[in-house]
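**Student:** After the sequence you'll find the predicted model.
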Amino acid sequence: MGKKRKLFCEISPTTYAIALQKQILTRHIKNWTSNVKFAHHHQHDKLPVVVHSSSNNMIKRGPGIDPQLQLNKADNIRLACSRINGIIITPGETFSFWKLVGKTSAKNGFAAGRVIKNGNLVAGVGGGLCNLANTINLLVMHSPLTITELHHHSDALAPDPGGKRVPYSAGTSVNYNFVDYRFRNDTNQPVQLCTWCEGDNLLTELRTTKQFSTTYRLVEEGHHFALEPDGHYYRISKIYRDTLDRSTGNLIERHLQWDNHSRVMFDPSLIPAHQLQQ
């Protein structure tokens, strides 16, 4: 069997940069020519009803994790939060992560954090914002809003804190600006996304004017790790989203949200033995 031919972006750092700029330009053109109505209005006062909220620590610690890149990641998230916080998404409008955050350059105040490049964790300016995008995605999945663009990366970047598994604790990918995270408000009432940091904690809220008639929950089935023939370990599971009637609690719908097959990006010796399928 002949050697697999490299893609243009894989030839050298120069060709990678060229391919990257082409993707960025293509997305700019699509934004200019589309009829998508992007949310842009921020409001300081919060809407009265909390649809869902989330809090998580931005700093990961453990073997092989560079503490400086973690601190930089937290600074990147703080900066991005300041540009999103309070955004109002009215009926028919679309939230775009990159339309609000902007270009992740050093000139714009972003530092080097962890990014995934060609399947490996490396340092890159603006790294760590996938954490924020994933947290926003979790809010949206607990609402009737419509996700219109979602990309996945590994859901096994680091060991689960305290060995406790939280479904969808990672896995949402963003990369300026062509790998975006977007959702549209197809309801008949406005929603507000609030994002801020307190110390090393990221806090987020999705708010609106009155409660929706449905509630939501995430259910993970078949979670385990496995060593596969390519020599890598993978986290494997199926993550479902249940839609429930708020007044009765009855299940309306179960939807497979993610057929998860994530390459483990941390030392596999840290995988809990009871979660490893032989």
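**Tutor:** Good, I have the coordinates. Numbers count the residues shown, from 1 in each chain.
**Student:** From here on, just use CA atoms for contacts and neighbour counts.
**Tutor:** Noted.
**Student:** wait, what's in contact with residue 153?
**Tutor:** Residue 153 sits next to 171, 172, 173, 262 when contact means C-alpha atoms under 8 Å, 6 or more residues apart in numbering.
**Student:** Quick check: phi and psi at the second one.
**Tutor:** It refers to residue 172. The phi and psi values for residue 172, taken as degrees, to the nearest 10, are phi -90, psi 130.
**Student:** any idea how far residue 197 is from it?
**Tutor:** Using C-alpha to C-alpha, to the nearest Å, residue 172 is found at 20 Å from residue 197.
**Student:** which of the two has more neighbours?
**Tutor:** Neighbour comparison, residue 172 and residue 197: the larger count goes to residue 172, with 24 against 20 (by other C-alpha atoms under 10 Å).
**Student:** Hmm, that one is touching residue 129, no?
**Tutor:** No - the pair residue 172 / residue 129 is not scored as a contact, 9.6 Å apart, by C-alpha atoms under 8 Å.
**Student:** Just the buried ones from the contacts of residue 153, in PyMOL syntax?
**Tutor:** Applied in PyMOL, the following selects the buried portion of the contacts of residue 153 according to 16 or more other C-alpha atoms under 10 Å:
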select buried, resi 171+172+173+262
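**Student:** Where does pLDDT dip in this structure?
**Tutor:** 1-4, 6-10 (pLDDT under 70).
**Student:** check contacts around residue 101.
**Tutor:** By C-alpha under 8 Å, 6+ apart, the neighbours of residue 101 are 80, 83, 84.
**Student:** and the first one, which of the three is it?
**Tutor:** It refers to residue 80. The three-state assignment at residue 80 reads helix, by DSSP: H, G, I helix; E, B strand; the rest coil.
**Student:** give me phi/psi at the nearest residue to it once chain neighbours are set aside?
**Tutor:** The shortest distance from residue 80 to any residue other than its chain neighbours is 5.4 Å, reached at residue 101 (C-alpha to C-alpha, 6 or more residues apart in numbering). The phi/psi pair for residue 101 (degrees, to the nearest 10) reads phi -70, psi -40.
**Student:** Show me which parts of stretch 85-104 are buried, residue by residue.
**Tutor:** 85-101, 103-104.
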